[in-house]
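> let me see the structure of the following:
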Amino acid sequence: MDASPKRHPIRTGLLLLFSSGLLAATGSAASAVPAVGGSAPPWHPILGGYPTRTATRPDGVTGGNLLYHGGPVMHQSKSYAIYWVPSGRSIVSGYRSTINSYFTAAARDSGGSQNVYSTLTQYYDSGGPIAYAQTFGGSTTATDPFPRNGCPPYGGLPVCITDAQVLAEIRRVMTAKSWAGGPTHAFFLFLPKGVGTCEDAGGTGCAFSSFCAYHSWSGMGATEVRYANMPYADTRPEACGTGQRPNNSDADDALNVTSHEHREMINDPNGNAWYDAYGNEGSDKCAWRFGTPLGRTATGTYNQVISSHVYWLQEEWSNARSGCVQRGV
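Sure thing, here's the model as predicted:
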């Protein structure tokens, strides 16, 4: 880990970047605070109350290549999915199975160069380059009641969960399932439809107005928890939806943000590894850029084929090409 000032420990992984009238928008994410000298820029995860569909941040692509800041990457990753669905709440049929199938497919394609994860192998730390080496550790549905609102309800959403409450639930599930933490494990907590989530008790930066998802971490070493807070994207499809449903499921929109967060957890898990001069992580630089469609199912267009499964996922930044790519380096 470098000794320079760190960005905020919660980094917004997928800001609301629709340009007006376009579901496949061309905006991209960036920090509002430019770098000072060679140190890591100050970072705040939710950069103001951006309105949906107009929150473009043009410095994502113009900020140049990702720079290495000395921190660790995930050389391999084992992913876990937690669906927090208390009694009285529900998730549409097929949502969980489609997401679980995605993690399984991404793991089966390990070592290949045919999907968006293969772009990450060009990044490294002192231990060497990232390997496309993934496994899926499994999933569970947590039925624990939601705690008392940790943040003020907003936007007609009666429940508001803070980052601290998300992390507490992940830790509870890890204990119950005997799932270990550590620097190679990634935990995704998926909230049900109609649930709000904000960074803190003051309602700083909230889902569907400031972000679609984010990743963060807590702890160090063998007990570290690297995690992503995954609000239900189709709660506000005008904010976090892609407009494509190749699997005819709400999970299609969820997987676009899942892919984004997963890749950022791999090459910048602690906010001190790979990001550009403006603080953009690799997926931020290519948010809402989807590249060239590969085909179409009966219900939507796809641009990724991962272990014979089709998805509509944003591109990833490639330093080798100084641009956003769909696969390879």
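> contacts only, for the closest residue to Thr162 other than its chain neighbours.
The shortest distance from Thr162 to any non-neighbouring residue, by C-beta to C-beta, 6 or more residues apart in numbering, is to Gly150 (3.6 Å). No exception for glycine: its C-beta is placed from N, CA and C like everyone else's. Contacts for Gly150 were tallied using C-beta atoms under 8 Å, 6 or more residues apart in numbering; they are 160-162, 164-165, 198, 201.
> kindly report the same for Gly291.
By C-beta under 8 Å, 6+ apart, the residues touching Gly291 are 303, 315, 324-326.
> repeat that for 6 Å
Contacts for Gly291 (C-beta atoms under 6 Å, 6 or more residues apart in numbering) come out as 303, 315, 326.
> now these in a markdown table, with secondary structure and pLDDT?
Below are these laid out as a markdown table (DSSP: H, G, I helix; E, B strand; the rest coil; pLDDT from 0 to 100):
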| residue | secondary structure | pLDDT |
| --- | --- | --- |
| Asn303 | coil | 98 |
| Glu315 | coil | 94 |
| Gln326 | coil | 96 |
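> the residue nearest to Thr162 belongs to a strand?
No. Counting by DSSP: H, G, I helix; E, B strand; the rest coil, Gly150 is not part of a strand but coil.
> now it. Its backbone dihedrals?
phi -90, psi -10 (degrees, to the nearest 10).
> can you check Ser307 too?
Main-chain dihedrals, Ser307, degrees, to the nearest 10: phi 50, psi 50.
> ok, it to Ser87 distance?
35 Å (C-beta to C-beta, to the nearest Å).
> same check, this time on His75
40 Å.
> rewinding a little: who has more neighbours out of Ser307 and Ser87?
Neighbours per residue, other C-beta atoms under 10 Å: of Ser307 and Ser87, the larger number sits with Ser307, 16 against 8.
> touching, that one and Ala105? I think so.
Yes. The pair formed by Ser307 and Ala105 meets the contact definition of C-beta atoms under 6 Å, at 3.8 Å.
> Gly128 bridge partners, please.
Asp125 (DSSP bridges).
> now do stretch 297-310: distance from first to last residue.
End-to-end distance of stretch 297-310: 9 Å, with C-alpha to C-alpha, to the nearest Å as the criterion.
> and if you look at stretch 223-242?
One end of stretch 223-242 sits 35 Å from the other (C-alpha to C-alpha).
> then stretch 168-185?
From its first residue to its last, stretch 168-185 covers 17 Å (C-alpha to C-alpha).
> what's that stretch in contact with?
Here stretch 168-185 has contacts from 76, 78, 80, 82, 84, 140, 142, 187, 189, 222-225, 227, using C-beta under 6 Å, 6+ apart.
> CSV please, covering the residues you listed and showing pLDDT, distance to Trp274 and neighbour count.
Output for the contacts of stretch 168-185, formatted as CSV (pLDDT from 0 to 100; distance: C-beta to C-beta, whole Å; neighbours: other C-beta atoms under 10 Å):
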residue, pLDDT, distance to Trp274, neighbour count
Gln76, 96, 17, 14
Lys78, 99, 20, 20
Tyr80, 99, 23, 21
Ile82, 99, 26, 25
Trp84, 99, 30, 24
Thr140, 99, 31, 16
Ala142, 98, 32, 17
Phe187, 98, 21, 24
Leu189, 98, 24, 22
Ala222, 93, 24, 9
Thr223, 93, 24, 12
Glu224, 94, 18, 17
Val225, 95, 21, 19
Tyr227, 94, 19, 28
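> any of the contacts of Gly150 buried? List them.
Neighbour-count burial (16 or more other C-beta atoms under 10 Å) is assigned, among those, to 160-162, 165, 198.
> need the max-distance pair from those.
Greatest spacing in the buried ones among the contacts of Gly150, by C-beta to C-beta: Gln165 and Cys198 (10.0 Å).
> now, which of the contacts of Gly291 sits nearest Ser283?
Proximity of the contacts of Gly291 to Ser283 (C-beta to C-beta) peaks at Glu315, which lies at 8.7 Å.
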